[in-house]
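**Student:** sharing a model prediction with you, sequence too.
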Amino acid sequence: MPSPAEATSATAAKLLTWYDRHARELPWRVSPADRAAGTVPDPYRIWLSEIMLQQTTVEAVKPYFGRFVDKWPNVTALAAAETDDVMKAWAGLGYYSRARNLKKCADMVAGELGGRFPGRYDALIQLPGIGPYTAAAIAAIAFDQPEPVVDGNVERVITRLFAIATPLPAAKTEIKARVAEMLPAERPGDFAQAVMDLGATICTPRRPACLTCPLTDDCVALEAGDPELFPVKPAKAQRPARRGAAFVAVRDDGAVLLQKRPEGGLLGGMAEVPTTGWTARKDGETGVAAAPFPADWMRTGTASHVFTHFSLELTVYRANSVAHEAGDGGWWSTPDQLAGEALPTVMKKVIEAAIPGATQNRGRPPGKRR
């Protein structure tokens with residue numbers, strides 16, 4: 001009978017064999033074949049993808065990643081970019097503190113580190129926006145360092161493989177220890193990506209494809225009869241619902257009045273139309289009396305959005321033929337500029353509720369509402 005160390009080593013070998021044949025093709029990834037032939041992953045692309053992938057799906061990230069590397073092909077180019085341009089390119093991807101930290105990290109790597117990312121976990125974790133998971137992922141994938149990498153996909157695979165009954169997040173320590181035990185001396189970066197791919201394509205949250213899994217013979221949860229019981233999660237807390245109002249002012253030439261949110265806090269540094277004082281902890285005013293200035297405001301509908309910790313419903317008002325001065329921190333965005341502004345998704349929903357199509361189509365003035 002093989003020892004526990006031999007068993008985990010055999011499991012890792014099975015997984016790598018599977019990965020060599022079934023690895024996903026991703027724009028930031030070096031394929032197993034190319035890596036075996038000597039192609040080295042680009043740390044910039046690995047870092048950029050890992051920051052974008054935090055709390056976001058692969059399919060959502062792909063077009064953003066493509067636009068970023070086309071515009072800023074390396075960390076020096078990104079460091080030279082204006083912060084507002086980075087925020088505009090990030091608009092719609094969510095979790096906007098990531099974009100602010102992305103720029104800060106690029107500035108530090110380009111300015112203090114000579115344009116080269118450090119190759120070890122303890123140095124990577126000192127950079128802005130890089131936490132324990134991201135530092136481990138960059139060290140393993142870009143530099144082949146033997147770091148245990150644990151994301152949501154890995155948590156699912158490992159809790160099922162070993163039938164870890166401890167609920168998340170308390171189970172994270174045991175999961176990381178199990179991954180560390182399995183890490184092969186050779187190809188730790190490919191191993192990290194292999195576990196991720198297995199979780200994304202076979203060991204899925206619902207209806208895992210166990211019959212095609214390379215680890216079927218090793219999976220304790222499958223042997224027990226129900227892999228979907230893992231990972232064990234605590235009951236979700238109820239998400240509070242907040243309310244407020246948003247005001248879309250439209251000039252005669254179709255321009256929309258925007259302003260910049262404060263740099264700190266939710267949606268920091270992004271563009272918005274004037275709104276009432278809603279936050280994650282309190283409602284804002286919902287009536288037209290809370291409008292930022294007198295105008296012929298008309299209610300055009302509502303815009304709903306779900307944030308991580310609360311949901312929000314904004315009553316949307318629109319005013320036409322507005323001649324109001326933009327004021328400090330505000331500007332009028334013309335129809336050909338609006339789609340390129342750093343508008344978070346909730347603000348795009350607001351503007352669409354007032355002017356359908358305005359945030360998708362460049363160069364076409366929004367028609368007046370009669």
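**Tutor:** Structure received. Numbers count the residues shown, from 1 in each chain.
**Student:** poorly predicted segments of the stretch 51-200 of the chain, please.
**Tutor:** When residues are selected by pLDDT under 70, none of them lie in the stretch 51-200 of the chain.
**Student:** how does it look with 90?
**Tutor:** Low-confidence segments of the stretch 51-200 of the chain (pLDDT under 90): 55, 94-95.
**Student:** now the helices for it?
**Tutor:** Applying DSSP state H, counting those that start in this stretch to the stretch 51-200 of the chain gives helices spanning 58-71, 75-80, 83-90, 97-112, 121-124, 132-143, 152-161, 172-182, 188-201.
**Student:** redo these as CSV? Include mean neighbour count and distance to Gln360.
**Tutor:** Yep, even glycine has a C-beta here, placed from its N, CA and C like the rest. Formatted as CSV, the helices of the stretch 51-200 of the chain follow (neighbours: other CB atoms under 10 Å; distance: least, CB to CB, whole Å):
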stretch, mean neighbour count, distance to Gln360
helix 58-71, 15, 14
helix 75-80, 18, 26
helix 83-90, 19, 15
helix 97-112, 18, 21
helix 121-124, 17, 38
helix 132-143, 23, 32
helix 152-161, 24, 31
helix 172-182, 17, 40
helix 188-201, 23, 29
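**Student:** out of those, which comes closest to Lys233?
**Tutor:** For Lys233, the closest of those is helix 152-161, at 9.9 Å, according to CB to CB.
**Student:** okay, the angle between the closest one and helix 132-143?
**Tutor:** 100 degrees (axes from the mean of the first three to the mean of the last three CA atoms, to 10 degrees).
**Student:** related to what we said a few turns ago, which one of the helices of the stretch 51-200 of the chain lies nearest to Ala354?
**Tutor:** Taking CB to CB, helix 83-90 is the member of the helices of the stretch 51-200 of the chain nearest to Ala354, at 20.8 Å.
**Student:** report the angle between that closest one and helix 58-71.
**Tutor:** Going by the same axes, to 10 degrees, helix 83-90 makes 140 degrees with helix 58-71.
**Student:** quick check, Ala303 in a strand?
**Tutor:** Yes. Counting by DSSP: H, G, I helix; E, B strand; the rest coil, Ala303 is located in a strand.
**Student:** and this protein, what are its domain boundaries?
**Tutor:** Structural domains of the chain, as assigned by automatic domain parsing, span the residue ranges 4-229, 241-354.
**Student:** redo the helices of the stretch 51-200 of the chain as JSON lines? Include distance to Ala358.
**Tutor:** Shown next, in JSON lines, are the helices of the stretch 51-200 of the chain (distance: least, CB to CB, whole Å):
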{"stretch": "helix 58-71", "distance to Ala358": "20"}
{"stretch": "helix 75-80", "distance to Ala358": "29"}
{"stretch": "helix 83-90", "distance to Ala358": "16"}
{"stretch": "helix 97-112", "distance to Ala358": "23"}
{"stretch": "helix 121-124", "distance to Ala358": "41"}
{"stretch": "helix 132-143", "distance to Ala358": "35"}
{"stretch": "helix 152-161", "distance to Ala358": "35"}
{"stretch": "helix 172-182", "distance to Ala358": "43"}
{"stretch": "helix 188-201", "distance to Ala358": "35"}
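**Student:** circling back: of all the domains of the chain, which lies closest to Ala235?
**Tutor:** domain 4-229 (9.5 Å).
**Student:** ok, Met196 - contacts?
**Tutor:** Val149, Asp151, Asn153, Val154 (CB atoms under 8 Å, 6 or more residues apart in numbering).
**Student:** okay, strands next: where are they in the chain?
**Tutor:** 241-249, 256-260, 271-272, 298-306, 311-319, 330-333 (DSSP state E).
**Student:** ok, for Ala209, nearest residue in space, not its chain neighbours?
**Tutor:** Nearest residue to Ala209, sequence neighbours excluded (CB to CB, 6 or more residues apart in numbering): Ile202, at 4.7 Å.
**Student:** for the nearest residue to Ala200 once chain neighbours are set aside, which residues are in contact?
**Tutor:** Closest residue to Ala200 apart from its sequence neighbours, by CB to CB, 6+ apart: Asn153 at 5.3 Å. Going by CB under 8 Å, 6+ apart, Asn153 touches Val195, Met196, Asp197, Leu198, Gly199, Ala200, Cys203.
**Student:** want to throw those into a markdown table with distance to Asp217?
**Tutor:** Below are these laid out as a markdown table (distance: CB to CB, whole Å):
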| residue | distance to Asp217 |
| --- | --- |
| Val195 | 17 |
| Met196 | 21 |
| Asp197 | 19 |
| Leu198 | 14 |
| Gly199 | 18 |
| Ala200 | 21 |
| Cys203 | 14 |
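**Student:** which among the residues you listed gets closest to Thr275?
**Tutor:** Scanning those for proximity to Thr275, where the rule is CB to CB, the winner is Ala200, at 36.8 Å.
**Student:** my guess is the closest one meets Glu59, correct?
**Tutor:** No. The criterion here is CB atoms under 8 Å, and Ala200 misses it with Glu59 at 10.6 Å.
**Student:** dump the contacts of Met196 to a markdown table, plus distance to Val256.
**Tutor:** Formatted as a markdown table, the contacts of Met196 follow (distance: CB to CB, whole Å):
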| residue | distance to Val256 |
| --- | --- |
| Val149 | 43 |
| Asp151 | 38 |
| Asn153 | 40 |
| Val154 | 43 |
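**Student:** in those residues, find the pair that's most separated.
**Tutor:** Val149 and Asn153 (10.1 Å).
**Student:** what do the two both touch?
**Tutor:** Joint contacts of Val149 and Asn153 (CB under 8 Å, 6+ apart) are Val195, Met196.
**Student:** separation between Lys282 and Thr134?
**Tutor:** 32 Å (CB to CB, to the nearest Å).
**Student:** kindly report the same for Leu48.
**Tutor:** 11 Å.
**Student:** next: Ile46.
**Tutor:** 10 Å.
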